[in-house]
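> Sharing a model that was predicted from the sequence below.
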Amino acid sequence: MRLRRATAEDTDALAALFRRSFGSIGFLPTLHTPEEDRAFFGAAIRDDEVWIAEDGGRMLGFAALTEDMLSHLYVDPPEQGRGVGRALFAHARGRRPEGFRFWVFQRNERARRFYEQNGCGVVELTDGSGNEEREPDALYEWRP
């Protein structure tokens with residue numbers, strides 16, 4: 001597995017991986033079309049730092065960083081539990097050595113366990129009124 005910076009050519013594959021991964025979270029509604037996902041991730045590739053984990057040219061997962069936020073970390077469902085998320089999270093820590101914050105849905109227990117096992121702590125719990133899914137979420141923080 002190798003990590004590399006995403007390019008505009010990755011937009012379609014990135015949006016498709018996001019849709020598969022986000023869709024596997026079961027309790028979340030589908031709010032956007034595939035076209036909207038492609039536009040969103042095309043802008044993220046242009047405006048943010050998006051890193052892809054791949055093996056043999058196949059995208060396994062990705063992480064997106066803004067200045068002080070880990071805005072996305074998604075792993076293709078068949079690849080979950082194989083170290084892809086760990087590698088992406090470690091890379092994010094290296095890119096933001098002073099720390100960063102990120103949001104996780106409260107009911108996403110698997111993700112919450114992963115982040116807590118990687119030294120993150122909850123900063124704030126919300127009722128979900130601030131996100132488009134209207135799902136209670138948790139603001140986490142990683143600091144060295």
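Right, received. Where do you want to start?
> quick one: stretch 130-144 to chain centroid distance?
When distances are taken as Cα atoms, centre = their mean, to the nearest Å, stretch 130-144 is centred 12 Å away from the chain's centroid.
> Ends of that stretch, what's the gap?
Start to finish, the residues bounding stretch 130-144 are 28 Å apart (Cα to Cα, to the nearest Å).
> Can you list the buried residues in that stretch?
By 16 or more other Cβ atoms under 10 Å, the buried positions in stretch 130-144 come out as 135, 137, 138, 140, 141, 142. Heads up, the C-betas are built off the backbone N, CA and C, glycines and all.
> now those residues as TSV including secondary structure?
Formatted as TSV, those follow (DSSP: H, G, I helix; E, B strand; the rest coil):
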residue	secondary structure
135	coil
137	strand
138	strand
140	strand
141	strand
142	strand
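> can you pull out the strands in the protein?
Per DSSP state E, the chain carries strands over the ranges 2-5, 49-55, 58-65, 70-75, 100-105, 121-125, 137-142.
> List the contacts of the fifth one.
Going back to what we said before, that points to strand 100-105. Residues outside strand 100-105 that contact it (Cβ atoms under 8 Å, 6 or more residues apart in numbering) are 25, 27-28, 65, 68-71, 73, 92, 111-112, 115, 123, 131, 133, 135-142.
> and residue 36, what does it touch?
No contacts exist for residue 36 under Cβ under 8 Å, 6+ apart.
> Just to check, residue 13 is in contact with residue 59?
Yes - applying Cβ atoms under 8 Å, one finds residue 13 in contact with residue 59, separated by 5.0 Å.
> Contacts only, for residue 53.
Residues near residue 53 by Cβ under 8 Å, 6+ apart: 1, 2, 3, 59, 60, 61, 62, 75, 84, 87, 88.
> If it is in a bridge, with which residues?
Beta bridges link residue 53 to residue 3, residue 61 when assigned by DSSP bridges.
> quick one: it and residue 106, what's the gap?
Residue 53 is 26 Å from residue 106, where distance means Cβ to Cβ, to the nearest Å.
> same thing with residue 83?
25 Å.
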